[in-house]
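Asker: from the sequence below, what's the structure:
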Amino acid sequence: MTVYVDDMYLYPLGELKLPGGRVMKMSHMVADTREELVAMARAIGVQQRHIQKLGTDREHFDICKSYRDKAIKAGAVPITLRQCSAMCVRRRETGALGNPEDAEAWRDKHAKPEAPE
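Answerer: Just a heads-up that it's a prediction; the model follows:
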């Protein structure tokens, strides 16, 4: 099993505006299991209480660029934002993130349209 971190920080979507006009660059950290995800968070110093979408197929951490770098040094695999999105769609459909290399092709071939919230 593997932990993945995307490159959302490269896009405006990944910019968190802070007081004083500062901007924090953010990425998603995902894994097939909560245990793996929480273990990586613990290893890089992110508190478990910051987990997002707890108990859903969208479970992840939003982490700043410096923690993304720490995660990669600790063994997380860097992926693109598009790969992360496609992998999360696959997890919604199959229960597993799968391989980032074929995630977009898998999504295009197999994914059912998501119902509006």
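Asker: so where's the protein uncertain?
Answerer: 1, 113-117 (pLDDT under 70).
Asker: would you confirm that L13 belongs to a helix?
Answerer: Yes - residue state for L13 (DSSP: H, G, I helix; E, B strand; the rest coil) corresponds to a helix.
Asker: what's the distance between it and M87?
Answerer: Separation of L13 from M87 (C-beta to C-beta, to the nearest Å) stands at 17 Å. For the C-beta atoms, the positions are set from N, CA and C on the backbone; glycine is no exception.
Asker: and if you look at C64?
Answerer: 21 Å.
Asker: who has more neighbours out of L13 and M87?
Answerer: M87 (25 against 9; other C-beta atoms under 10 Å).
Asker: which element is that one on?
Answerer: M87 belongs to helix 81-94 when elements are defined using DSSP states H and E.
Asker: what helices or strands is that helix leaning on?
Answerer: Applying 3 or more C-beta pairs under 8 Å, 6 or more residues apart in numbering; DSSP states H and E, one finds that helix 81-94 makes contact with strand 3-5, strand 23-31, helix 103-110.
Asker: pick the most buried one from those.
Answerer: Stretch with highest mean neighbour count among those: strand 3-5 (a mean of 25; mean count of other C-beta atoms under 10 Å).
Asker: that one pairs with which strands, parallel or anti?
Answerer: Paired neighbours of strand 3-5 in the sheet (DSSP bridges): strand 23-31 (antiparallel), strand 77-78 (parallel).
Asker: now tabulate those strands in a markdown table and tack on distance to G55.
Answerer: Formatted as a markdown table, the strands paired with strand 3-5 follow (distance: least, C-beta to C-beta, whole Å):
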| stretch | distance to G55 |
| --- | --- |
| strand 23-31 | 14 |
| strand 77-78 | 24 |
